[in-house]
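*Asks:* What follows is a predicted structure for the sequence shown.
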Protein chains: 2
Amino acid sequence: MSAAWAGPDRFPVAVDAVLFGVSAGALKVLLIRRGAEPFLGRWALPGGFLRAGETLEQGVVRELAEEAGVRPDPLVQLGAFSAPGRDPRGPVLSVAFMGLVRVEDHVPHADTDAADAAWATMGALPPLAFDHAEVLKAGHERLLALTRSEPVGLNLLPEAFSLGALQALYEAILGRPLDKRNFRRKALASNLLRDTGLTQLGVAHRAARLYRFDAEAFANRGAGIFL
Amino acid sequence: MSAAWAGPDRFPVAVDAVLFGVSAGALKVLLIRRGAEPFLGRWALPGGFLRAGETLEQGVVRELAEEAGVRPDPLVQLGAFSAPGRDPRGPVLSVAFMGLVRVEDHVPHADTDAADAAWATMGALPPLAFDHAEVLKAGHERLLALTRSEPVGLNLLPEAFSLGALQALYEAILGRPLDKRNFRRKALASNLLRDTGLTQLGVAHRAARLYRFDAEAFANRGAGIFL
DNA sequence: CCTGCTTAGTGTCACGGAAACACTAACCCA
DNA sequence: TGGGTTAGTGTTTCCGTGACACTAAGCAGG
């Protein structure tokens, strides 16, 4: 039978997501305010329970589509959390993911499980439900580590973008200023950017050249980083 | 109640371990031969089902004590695996860990679930049950990554060891030769080794100085690496 | 039309970590 | 006493990283 068999203990499995976005030059995390017990009224990471027949990735993608209307890319697994007492209802395994989404793509709206949703600024976070503070910390560390090995964040930019915009994005993610010349040197040396031949229009200063991400070069050459 | 509540679907949760060891100058993985369906007779990673009331770490430690009589250190989580069809019995979530143990500490012996146990050489592996080939690959990548950021493998050496032995260990783990002078320079520069004042005895060549790992320096200074 | 504001765009130098490279020293044994 | 085996030791080159300041271009406002 593909259904249950007798032996092992069974556990509810939650999938939670640390969704980062950039807005107003600062790094933000998507939080929901819980509309049900436990932790009613507390802020928490978006997520929900895994359903029979879906993989963890499918589960978290479904939950994020339902709760936030977004499909993050990349979506990387952070790991499983099982600390005793992390859920007062009993033993619940939580598998957490981390992703980056455009802030403007997300329309905060109430949900069956969420009374409210909002982007919180990293460094000014409310107390979180469950062990979500720990999960968020793991997600933040992973995000920072990922910027060192992969060209993260391109999905947050428009098709064609200036190097200034790319640098501003990375400064927001890392939370510190970067040297303009060093950044440009590495970004161009990555061989992942193609000059579109276009320039900015209607800006009150010298117009910047616009680049696009070369997905093919990225796929072929493996990595390549911007800083 | 701390017991069940009605809502979400529940899943059996397996904990599996990729246990590496070094023997005869080569990197080995501990495998068991399955003594039960499914995959009866196939080689697999050691592991078992999580029981109610224990964390994932506790579960995998228990399974490894039962099945292999070892307590690996470090024991790092690789992540959760949920590919559809990975277990023919139905949806089973597997959370995998990676660890390093002394080969001689492990006494292969049959078990309720394991008909046999053996150290397999990396690069000459039998076909594995479930999705364990994928899990093993993740474990191997994690091991290599870990050597770059932490002094892994010290638990495989005796209390006092020579730099030659340390280098041989790293060469086995990495699967490639290392330059002796560069290795010694970095190892000593790590500030994690203390000269015991002892030297080898009864060897048919110049006796090497013996060092010990300074756990206190490691705890205080955070990282420090050997290569 | 000229001035000022704002962002784009560009090169060099110093430092430190990483890798390549070969010989002498000490000890045992036959 | 000579041969075998591992211990132990410095220097140089190269590359990636980070620090650092000025000119160019476009628009706005007077």
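*Replies:* Received, thanks. Numbering: from 1, shown residues only, chains lettered A, B, ... in the order given.
*Asks:* Just grab the bridge partners of the residue nearest the centre of chain A for me.
*Replies:* Nearest to the centroid of the C-alpha atoms of chain A, with distances taken as CA atoms, centre = their mean, sits residue A:99, at 2.3 Å. Taking DSSP bridges as the rule, residue A:99 bridges to residue A:19, residue A:75.
*Asks:* What are the buried residues along the least confident helix or strand in chain A by mean pLDDT?
*Replies:* The helix or strand of chain A with the poorest confidence is helix A:215-221; it has a mean of 85 (mean pLDDT, DSSP states H and E). By 16 or more other CB atoms under 10 Å in any protein chain shown, the buried positions in helix A:215-221 come out as residue A:218. Every residue, glycine included, has its C-beta placed from N, CA and C.
*Asks:* Pull the distance from that helix to the chain's centre.
*Replies:* In terms of CA atoms, centre = their mean, to the nearest Å, the centre of helix A:215-221 is found 22 Å from the chain centre.
*Asks:* Give me the neighbour count for residue A:65.
*Replies:* 11 (other CB atoms under 10 Å in any protein chain shown).
*Asks:* Confirm for me that it is in contact with residue A:71.
*Replies:* Yes. Between residue A:65 and residue A:71 a contact is recorded at 6.5 Å, counting by CB atoms under 8 Å.
*Asks:* give the contact list for the residue nearest to the centre of chain A.
*Replies:* A:17, A:18, A:19, A:20, A:64, A:72, A:73, A:74, A:75, A:76 (CB atoms under 8 Å, 6 or more residues apart in numbering or on different chains).
*Asks:* Residues touching the helix or strand that contains the fifth one, excluding its own?
*Replies:* When elements are defined using DSSP states H and E, residue A:64 is found to belong to helix A:56-68. With contacts defined as CB under 8 Å, 6+ apart, helix A:56-68 is touched by A:13, A:15-17, A:19, A:30, A:32, A:46-51, A:54, A:70-72, A:75, A:77, A:95, A:97, A:99, A:101, A:106, A:108, A:111, A:113-114, A:117, B:80, B:82, B:93.
*Asks:* Can the least confident helix or strand of chain A be said to contact DNA strand D?
*Replies:* No. When contact is scored as CB under 7 Å from any atom of the strand, no part of helix A:215-221 falls within range of DNA strand D; the minimum is 14.1 Å.
*Asks:* cool, stretch A:137-144 as well?
*Replies:* No. Applying CB under 7 Å from any atom of the strand, one finds stretch A:137-144 separated from DNA strand D by no less than 12.9 Å.
*Asks:* Would you mind listing the buried residues in that stretch?
*Replies:* A:138, A:139, A:140, A:142, A:143.
*Asks:* residue contacts, the first one?
*Replies:* What that stands for is residue A:138. Residue A:138 neighbours (CB under 8 Å, 6+ apart): A:18, A:78, A:79, A:96, A:98.
*Asks:* same check, this time on the second one
*Replies:* Residue A:139 makes contact with A:18, A:20, A:29, A:78, A:96, A:98 under the criterion CB under 8 Å, 6+ apart.
*Asks:* Let's verify the closest residue in space to the third one that isn't next to it in sequence: helix, strand, or coil?
*Replies:* Read that as residue A:29. Excluding the flanking residues, the one nearest residue A:29 by CB to CB, 6 or more residues apart in numbering or on different chains is residue A:120, at 5.4 Å. Following DSSP: H, G, I helix; E, B strand; the rest coil, residue A:120 is assigned to strand.
*Asks:* separation between residue A:120 and residue A:64?
*Replies:* 17 Å (CB to CB, to the nearest Å).
*Asks:* Would you confirm that the residue nearest to residue A:29 contacts residue A:31?
*Replies:* Yes. Judged on CB under 8 Å, residue A:120 makes contact with residue A:31 at a distance of 5.0 Å.
*Asks:* Pull up the overlap in contacts between the two.
*Replies:* Common neighbours of residue A:120 and residue A:31 (CB under 8 Å, 6+ apart) are A:43, A:126.
*Asks:* higher neighbour count, those two?
*Replies:* When residue A:120 and residue A:31 are compared for neighbours, residue A:31 comes out ahead with 26 against 15, by other CB under 10 Å.
*Asks:* beta partners of residue A:11?
*Replies:* The partner residues for residue A:11, given DSSP bridges, come to residue B:11.
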